[in-house]
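> Take a look and give me a structure for this.
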Amino acid sequence: MTFRDLSALSLENLWRTKLRTSLTVLGVMIGIGALVSMVSFGSGIQHNIAREFRELDLFTTIQVLPTEFDLGNPLSMDLDAMREASPLDDEALLLIRALPGVILAYPEISFPALVKLGDAETKTSIRAVPAELGQRKPFSEISFGRFFKSDDEASIVMTERLLDDLGIRLTDGAAPSKRARDDTTRQLTMVASEDVIGRTVTIVTSVFDENILTRAISRTLKPTGRMPFRDETVTLDIVGIQSGSMGFSGLGVGGNAIVPSGTATRIPRLSFSSIWDLLDSGEGEREYDSIHVKVREMAELEAVGDAIEEMGFGTITLADYLGEMKRTFLLMDALLGAVGTIALFVAGLGIVNTMVTSILERTREIGVMKAIGGSEAEIRWIFFIEAATIGVLGGILGLGLGWVVTKVANVAANAYLRPYGMAPADFFHMPIWLILGAIGFSVVVSLLAGIYPAARAARVDPVKALRHD
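Okay, the predicted model is just below:
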């Protein structure tokens with residue numbers, strides 16, 4: 001018999017037992033649907049993170065640290081090495097900027113401040129970034145207003161979250177229902193964005209006052225009732241408002257407010273990166289916790305990173321972050337996939353049961369085929385084709401079931417998160433490898449489930465089979 005004849009006979013046998021075949025296919029469909037929906041969730045999270053990193057052009061970013069840093073074990077930093085490391089100061093910044101392939105390098109500058117707008121005030125963290133970042137995402141897509149025009153501009157870009165903390169809700173904001181559950185106990189003023197752009201805010205920072213400390217010491221350390229700090233104020237104009245966050249703070253583009261880097265140097269403030277900063281006279285070069293470097297293209301990332309490490313500094317790239325994330329996602333995908341795989345193997349037991357039952361019902365038919373010249377290999381092929389057909393049908397229908405489940409779950413998740421001001425997102429992703437892999441896995445499981453029934457059918461004694469009632 002040809003393969004075509006064997007296939008036709010197998011399909012005819014399945015069609016004769018439509019109900020039993022349908023139930024068996026249903027079991028495979030549920031198993032594949034569970035497997036696909038669960039794995040696509042892990043794939044969706046990984047896909048969203050990688051896509052956002054690409055959109056923010058963060059794959060060309062290097063974070064420079066004073067010494068080596070192990071992402072896998074962040075608590076293992078060598079304190080002696082940190083003390084002996086070369087200072088990450090202005091001189092190092094100039095050397096890094098001069099490296100071939102570097103198009104931008106700026107220090108990590110962040111400080112706490114009290115922000116006052118009218119009669120409202122709130123505490124927040126302010127970051128300093130160069131105006132050149134305005135040409136890159138997310139700063140090139142400011143929701144309202146504009147980005148800084150120069151590094152010395154006396155201006156500030158705020159987020160809608162910071163405005164909310166100041167008691168202002170934008171009527172034309174990205175999410176009018178933003179954090180609605182948290183707003184029930186406070187009154188917010190509804191204001192259009194054009195009425196906020198151009199207003200002046202006051203930035204209040206604390207500085208170390210040596211005079212107060214000196215007077216305290218001169219009085220034989222008697223309490224003066226005053227801390228050795230004083231407040232300094234700076235006024236800035238609001239030039240832009242960003243919906244959502246400013247990006248990834250770990251790469252130097254986070255915070256609820258940002259100011260130009262040149263303006264930040266003129267804002268008096270305390271630095272909390274080291275206790276020795278309290279006793280720093282301000283003379284000499286400044287030292288930074290980290291420096292952020294942008295290269296022209298991803299191909300230059302490794303060469304620039306190696307050159308920086310030769311200077312004695314440590315580097316972290318987004319590939320390092322992504323590598324750690326992938327290990328986490330691999331574990332999560334394995335756990336999610338295990339649940340779906342269990343359901344699929346249960347369906348495989350259903351296939352074994354269905355085909356063994358079919359052998360018992362078709363014993364006389366198998367005996368006739370062997371009596372007229374059918375070989376054991378052909379008998380095995382008939383049952384293998386039946387098992388593969390069940391696997392293909394179950395795999396295709398399971399993909400459809402998984403797609404429906406992911407769409408429903410995605411709508412439900414977005415509906416739940418919408419009151420918290422989170423933008424709609426697709427939490428599930430079905431790459432081509434998952435689609436083809438699900439069908440292939442379904443067929444493989446079905447074939448494995450068909451090995452025993454096929455072998456049992458091939459071993460049927462034709463003489464006994466012909467006598468079978």
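> give me the number of residues near residue 91?
11 (other CB atoms under 10 Å). Any C-beta I mention is one placed from the backbone N, CA and C, and that applies to glycine too.
> can you tell me the helix or strand for it?
Assessed by DSSP states H and E, residue 91 sits inside helix 90-97.
> One more: residue 36?
helix 18-55.
> Likewise for residue 393?
Using DSSP H and E, residue 393 falls in helix 376-417.
> Same check on residue 137?
With DSSP H and E as criterion, residue 137 is part of no helix or strand.
> so what's it scoring on pLDDT?
Turning to residue 137, the model gives it a pLDDT of 72.
> now do residue 147
90.
> My read is that it contacts residue 139, right?
Yes. Counting by CB atoms under 8 Å, residue 147 does reach residue 139; the two are 5.1 Å apart.
> any residues in contact with both of these two?
Taking CB atoms under 8 Å, 6 or more residues apart in numbering as the criterion, residue 147 and residue 139 both touch 133, 157.
> Now do the SS call for residue 113.
strand (DSSP: H, G, I helix; E, B strand; the rest coil).
> number of nearby residues for it?
When counting by other CB under 10 Å, one arrives at 22 neighbours for residue 113.
> before we move on, the earlier item: the helix holding residue 36: which residues count as buried?
20-21, 24-47, 53 (16 or more other CB atoms under 10 Å).
> Any chance you could spot the residue sitting in the middle of the protein?
residue 49 (3.1 Å; CA atoms, centre = their mean).
> What distance do you get for it to residue 433?
From residue 49 across to residue 433, the span is 18 Å (CB to CB, to the nearest Å).
> ok, residue 297 - contacts?
Residue 297 touches residue 60, counting by CB under 8 Å, 6+ apart.
> what about it, distance to residue 51?
Distance from residue 297 to residue 51, by CB to CB: 19 Å.
> before we move on, what about residue 374?
Per CB to CB, residue 374 is found 56 Å from residue 51.
> Residue 4 too?
Using CB to CB, residue 4 is found at 46 Å from residue 51.
> cool, and residue 302?
From residue 302 to residue 51 the distance is 23 Å (CB to CB).
> Residue 150 too?
Distance from residue 150 to residue 51, by CB to CB: 32 Å.
> go on, residue 87?
Using CB to CB, residue 87 is found at 37 Å from residue 51.
> Residue 237 now?
Between residue 237 and residue 51 the distance, using CB to CB, works out to 34 Å.
> again, but for residue 383
Going from residue 383 to residue 51 by CB to CB gives 45 Å.
> go on, residue 164?
From residue 164 to residue 51 the distance is 27 Å (CB to CB).
> Do you have the helices of the stretch 101-250 of the chain handy? List them.
Counting by DSSP state H, counting those that start in this stretch, the stretch 101-250 of the chain has helices at residues 160-165, 193-196, 210-218.
> other SSEs contacting the first one?
Okay, so that is helix 160-165. The contact analysis (3 or more CB pairs under 8 Å, 6 or more residues apart in numbering; DSSP states H and E) places helix 160-165 against strand 120-129, strand 168-170, strand 229-242.
> do the same with the second one
If contacts are counted by 3+ CB pairs under 8 Å, 6+ apart, helix 193-196 sits against strand 144-145, strand 168-170, strand 229-242.
> the domain parsing of the chain - what is it?
What automatic domain parsing lists as the domains of the chain is 3-54+326-467, 109-287.
> got the end-to-end distance for the last one?
It refers to domain 109-287. Taking CA to CA, to the nearest Å, domain 109-287 runs 10 Å from one end to the other.
> Number of residues surrounding residue 372?
When neighbours are defined as other CB under 10 Å, residue 372 has 8 of them.
> okay, and for the stretch 101-250 of the chain, where does confidence drop off?
Applying pLDDT under 70 to the stretch 101-250 of the chain flags the ranges 173-186, 208-229, 244-250.
> again, 50 this time
For the stretch 101-250 of the chain, residues meeting the criterion pLDDT under 50 lie at 175-182, 184-185, 221, 248-250.
> Looks like residue 383 contacts residue 453 (just checking).
Yes. Taking CB under 8 Å as the definition, residue 383 is a contact partner of residue 453 at 5.4 Å.
> Give me the more crowded residue out of the two.
residue 383 (26 against 23).
> got a pLDDT number for the residue lying closest to that one once chain neighbours are set aside?
Of all residues not flanking residue 383 in the chain, residue 454 sits nearest, at 3.8 Å (CB to CB, 6 or more residues apart in numbering). For residue 454, the model assigns a pLDDT of 78.
> Give me the neighbour count for residue 454.
Taking other CB under 10 Å as the criterion, the count of residues near residue 454 is 24.
> Work out for me the element the nearest residue to residue 386 once chain neighbours are set aside sits within.
Spatial nearest neighbour of residue 386, chain neighbours left out: residue 10 (4.7 Å); criterion: CB to CB, 6+ apart. Take DSSP H and E as the rule and residue 10 turns out to sit in helix 3-16.
> I'd like the average pLDDT over that helix.
Averaged over helix 3-16, pLDDT sits at 80.
> ok, then the element right after the helix holding residue 393?
In the C-terminal direction from helix 376-417 (assignment by DSSP H and E), the next one is helix 432-458.
> helices or strands next to that next one in the packing?
helix 18-55, helix 318-361, helix 376-417.
> So which bits of that helix are buried?
Across helix 432-458, burial judged by 16+ other CB under 10 Å covers 434-435, 438-439, 441-443, 445-447, 449-450, 453-454, 456-458.
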